[in-house]
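> Turn this into a structure:
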Amino acid sequence: MKEKLITLFAEALPGVDFTKSEEMVEDGILDSLGIVTVIDVISTEFNIEIPYEMLDAERFRSLAAIEEMIRELGGE
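The predicted structure follows:
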């Protein structure tokens, strides 16, 4: 799933290197606008809705955290 996410996110946010860091939010790779874009990509691609209570930076800090959230919500 990691490679699929990298491809999807790179298409949605050209110029952002999602492989550069494991702490994307902390290292400034993914900002608030980027998180909104990632949410849209995830919702569309995996046909899931991310509940309000899951919308925190910790859930989007790394590709692994995003993968875990997608799995929790039933996306594969």
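> Which helix runs longest in this protein?
helix 32-46 (DSSP state H).
> Run through the neighbouring helices and strands of it.
Secondary-structure packing of helix 32-46 (3 or more C-beta pairs under 8 Å, 6 or more residues apart in numbering; DSSP states H and E): helix 2-12, helix 63-72. Every C-beta, even on glycine, is put in place using the N, C-alpha and C of the backbone.
> Just the buried positions in that helix, please.
Buried residues in helix 32-46, defined by neighbour count with 16 or more other C-beta atoms under 10 Å: 34, 35, 37, 38, 39, 41, 42, 46.
> contacting residues around the fourth one?
Just to be clear, that refers to residue 38. 9, 12, 13, 30, 60, 66 (C-beta atoms under 8 Å, 6 or more residues apart in numbering).
> and with 7 Å instead?
9, 30, 60 (C-beta atoms under 7 Å, 6 or more residues apart in numbering).
> One more: the first one?
When contacts are counted by C-beta under 7 Å, 6+ apart, residue 34 is found next to 13, 16.
> ok, 10 Å please
9, 12, 13, 16, 18, 24, 25, 28, 60 (C-beta atoms under 10 Å, 6 or more residues apart in numbering).
> Skip the chain neighbours and tell me the closest residue to the first one.
This means residue 9. residue 18 (5.2 Å; C-beta to C-beta, 6 or more residues apart in numbering).
> any idea which element that neighbour lies in?
Counting by DSSP states H and E, no helix or strand carries residue 18.
> Give me the phi and psi for it.
Main-chain dihedrals, residue 18, degrees, to the nearest 10: phi -80, psi -10.
> and it, how many residues sit next to it?
Neighbourhood size, residue 18 [other C-beta atoms under 10 Å]: 21.
> Pull the contacting residues for it.
Neighbours of residue 18 in contact, by C-beta under 10 Å, 6+ apart: 2, 5-10, 24, 29-30, 34, 38, 62-63, 66.
> Out of those, who's the most crowded?
residue 24 (26 neighbours).
> before we move on, the earlier item: gap between the longest helix of the chain and the chain center?
Here helix 32-46 shows a centroid-to-chain-centroid distance of 6 Å under the convention C-alpha atoms, centre = their mean, to the nearest Å.
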